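K.L.:
Compute the structure for the input listed below.
(one chain, ligands or ions: 1)
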Amino acid sequence: MENQKTIWIIANWKSNKTIAEALEWISKVGPKVPKSDPPAGGLKIVVCPTFSCLSEVAKEIKVNNYPLLVGSQDLSPFGVGAYTGEESAALLNQFIKLSIVGHSERRKNFGETDEMIAKKVQQAQEFNITPLLCVQGENTSVPAGCQLIAYEPIWAIGTGNPDTPESASIVAQYLNNKHGQDLEVLYGGSVSPSNIKNFIDQQDIHGVLVGNASLDALEFVKIIEACER
Ligand code: PGA
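P.N.:
Here you go, the predicted model:
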């Protein structure tokens, strides 16, 4: 019995796409997403747009009944209130089921610390949003209760130079030993239609976080198709 695990394929658009571009992507990808029931070992496809497109993307997916989940790329470490510019989990949960937290681009460009990231995880959990915690290596701090982690070595992000599936699997095993076997570990960093299968074929890798290759709808459909069993 090979591979009954659920595979997560998560599109991280980063700071890209107008609403029109986002809706065009949804119209191309939505119909291609298999309608299998995720808990039965299928695919879970999540799209993480910018905040400015989030509600339109969520509406479009709902109206068309596409089996696509919506996530955000970040959320506030605070609740609702006087936090100018922030997007609180208590408000975002109108649209999203998941949020990327602690991406290395946020740690580097916005000074996010482990402490701040732990607060974001807490906020997500409090409002029924699954935090997808990005870790850059084995020693990145993992707040209590995290069930979904993306191992993303910084040198592999956006470089076309992915880690090897074997090495990613060793890191995943290490993370499972350290933080619990229930943890689902994904891989991210230069994932493409041609290498995705090698990652998800590793027993300990439960999916991928995709940046560049998620921007083009047809490329992303190829990624989905490579995973269909
Ligand atoms: P990449 O980005 O696929 O462009 O390497 C991955 C990520 O940053 O999540």
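
K.L.:
if I look at the closest residue to Ser72 other than its chain neighbours, how far off is the ligand?
P.N.:
Once flanking residues are discounted, Ser72 sits nearest to Ser99: 4.6 Å by CB to CB, 6 or more residues apart in numbering. (C-beta placed from N, C-alpha, C; glycine too.) Distance from Ser99 to the ligand, counting by CB to the nearest ligand atom, to the nearest Å: 13 Å.

K.L.:
Wait, Met116 touches Pro77, no?
P.N.:
Yes. Shown here, Met116 and Pro77 form a contact pair, counting by CB atoms under 8 Å, at 5.2 Å.

K.L.:
And those two? Which one has more around it.
P.N.:
More neighbours surround Pro77 than the other of Met116 and Pro77, with 21 against 17 (other CB atoms under 10 Å).

K.L.:
what are the ranges of the strands in the protein?
P.N.:
7-12, 43-48, 69-72, 98-101, 130-135, 148-151, 184-188, 207-210 (DSSP state E).

K.L.:
Can you list the low-confidence ranges for the protein?
P.N.:
1-3, 36-41, 229 (pLDDT under 70).

K.L.:
Looking at it, which residue is nearest the ligand?
P.N.:
Nearest residue of the chain to the ligand: Gly211, at 2.3 Å (CB to the nearest ligand atom).

K.L.:
Leaving out sequence neighbours, find the closest residue to that residue.
P.N.:
Computed as CB to CB, 6+ apart, the closest residue to Gly211 that is not its neighbour in sequence is Asn12, at 5.1 Å.

K.L.:
Check Leu215 too.
P.N.:
Looking at Leu215 with CB to CB, 6+ apart, the closest residue is Asn16, at 5.9 Å.

K.L.:
give me the number of residues near the one you found?
P.N.:
Asn16 has 15 nearby residues by other CB under 10 Å.

K.L.:
Could you pull up phi and psi at it?
P.N.:
phi -140, psi 150 (degrees, to the nearest 10).

K.L.:
Format the strands of the chain as a markdown table; extra columns: mean neighbour count and distance to Glu60.
P.N.:
What follows is the strands of the chain, written out as a markdown table (neighbours: other CB atoms under 10 Å; distance: least, CB to CB, whole Å):
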| stretch | mean neighbour count | distance to Glu60 |
| --- | --- | --- |
| strand 7-12 | 25 | 14 |
| strand 43-48 | 23 | 10 |
| strand 69-72 | 22 | 10 |
| strand 98-101 | 26 | 18 |
| strand 130-135 | 24 | 21 |
| strand 148-151 | 24 | 25 |
| strand 184-188 | 26 | 25 |
| strand 207-210 | 26 | 20 |
